[in-house]
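Student: what's the 3D shape of this:
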Amino acid sequence: METDCVKHVRHCHRCQVYADQIKAPPNELRPMTALWPFSMWGMDVIGPINPKASNGHMFILVAIDYFTKWIEAITLASVTAKAVARFLRRDVIARYGVPTTIITDNAKNLNNKVIDELCAQFKIRHRNSTPYRPQMNGAVEAANKNIKKIIEKMTESSR
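Tutor: All right, here's what the predicted structure looks like:
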């Protein structure tokens, strides 16, 4: 009976399409990049979002801890250097301590004099992901995708 079930599952079209199968070839394990919780954060901006938030904000600033995958996010009307620095101070450093590294993409609002001064003040290493390759900041991009899905579902049900 078990072999009949295995044969059926192997030939069932829905089982082949929707089954949880690992399609990637096995690879060697890699050491984690973050040494301890809240030591390395990735940051990115989602937006402009449509529809706007109830307070008129159009952007979401997202930071994710690479060790625990903890996400901190806020909505912003515009993503300015001052707003990003305030978010870093209030929502990351004040809550979780000073990180050793922050990884961002090459956006001007995340790479500027204000952020450089903040990183110098707290001795934070600021690194950039590879241009035109957002997958290099994979944890943040995955978090962004999940946040977008959640927002999409919430806005669909509220209409």
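Student: middle-most residue in this structure, spatially?
Tutor: V140 (1.9 Å; CA atoms, centre = their mean).
Student: quick one: which helix or strand includes that one?
Tutor: Here V140 sits within helix 138-158, counting by DSSP states H and E.
Student: residues making contact with that helix?
Tutor: 42-44, 46, 49, 51, 60, 62-64, 66, 69, 71, 73, 103, 134-135 (CB atoms under 8 Å, 6 or more residues apart in numbering). Backbone N, C-alpha and C define where each C-beta goes, glycine included.
Student: in it, what's buried?
Tutor: For helix 138-158, burial by neighbour count (16 or more other CB atoms under 10 Å) applies to 139-141, 143-144, 147, 151.
Student: dump these to TSV, plus distance to L118 and pLDDT.
Tutor: Formatted as TSV, the buried residues of helix 138-158 follow (distance: CB to CB, whole Å; pLDDT from 0 to 100):
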residue	distance to L118	pLDDT
A139	21	75
V140	19	77
E141	23	77
A143	22	81
N144	23	79
I147	24	82
I151	28	78
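Student: biggest separation within these, which pair?
Tutor: Between any two of the buried residues of helix 138-158, the greatest separation by CB to CB is 18.8 Å, found for A139 and I151.
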